[in-house]
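*Asks:* here is a sequence with its predicted model. Questions after.
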Amino acid sequence: MDIHYVMDNLAQRFPFLLIDEIVEQTDTTITAKKNVTISELPFIGHFPTHPIYPGVLLIESMTQASSLLMKKTTPEDLLAEVEKVKFYTPVKPGNTLLIESRLVEKVLGYYKFTCLITCDGKKVAAGKVTLFGSEE
């Protein structure tokens with residue numbers, strides 16, 4: 001699913017729209033893609049002579065992928081918790097990220113996901129995200 005589908009289903013816009021397309025999706029998993037380019041605003045100050053994509057934006061991309069997965073069951077969601085996030089290798093301009101999210105539990109409107117971000121088959125970041133959503 002292309003950027004138009006992503007934009008139709010996420011509230012975020014530039015510079016915080018961090019998903020470019022959905023590569024694959026089932027009822028409980030999603031794989032999304034993010035192309036990291038040097039023209040993105042975070043690289044102006046993080047860091048000018050050694051650009052590294054901020055970890056907080058990796059967490060946000062996990063959250064956005066998870067949110068896209070939830071859209072079949074809830075129209076709106078809010079970030080409730082982030083836990084056990086680890087960063088393994090820096091992300092640099094020119095990298096293409098695959099963001100995987102798997103729904104592992106749904107209880108009383110809380111949706112819990114395990115997330116993994118890879119680049120060229122190497123682990124970049126992993127963690128857990130919990131979103132709160134109202135069921136339709």
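*Replies:* Structure received. Numbers count the residues shown, from 1 in each chain.
*Asks:* so where's this protein shaky on pLDDT?
*Replies:* 135-136 (pLDDT under 70).
*Asks:* give the residue farthest from the middle of the chain.
*Replies:* No residue in the chain sits farther from the centre than Thr49, which is 26.1 Å out by Cα atoms, centre = their mean.
*Asks:* quick one: classify that one as helix, strand or coil.
*Replies:* coil (DSSP: H, G, I helix; E, B strand; the rest coil).
*Asks:* where along this protein do the strands fall?
*Replies:* 21-25, 29-35, 77-87, 96-107, 110-119, 122-133 (DSSP state E).
*Asks:* buried stuff in the last one?
*Replies:* If I follow you right, that is strand 122-133. Of all the residues in strand 122-133, those buried under the rule 16 or more other Cβ atoms under 10 Å are Val124, Ala125, Ala126, Gly127, Lys128, Val129, Thr130, Leu131, Phe132, Gly133. Every residue, glycine included, has its C-beta placed from N, CA and C.
*Asks:* relative to Glu24, how far out is the fourth one?
*Replies:* According to Cβ to Cβ, to the nearest Å, Gly127 stands 20 Å off from Glu24.
*Asks:* cool, and the second one?
*Replies:* Using Cβ to Cβ, one obtains 19 Å as the distance from Ala125 to Glu24.
*Asks:* and the fifth one, by the same measure?
*Replies:* Distance from Lys128 to Glu24, counting by Cβ to Cβ: 21 Å.
*Asks:* same check on the third one?
*Replies:* Using Cβ to Cβ, Ala126 is found at 18 Å from Glu24.
*Asks:* before we move on, back to that, who's in contact with the residue farthest from the centre of the chain?
*Replies:* Shown in contact with Thr49 (Cβ atoms under 8 Å, 6 or more residues apart in numbering): no residues.
*Asks:* pretty sure Lys34 contacts Glu100?
*Replies:* No. The pair Lys34 / Glu100 is not scored as a contact, 11.8 Å apart, by Cβ atoms under 8 Å.
*Asks:* perfect, I'm done here.
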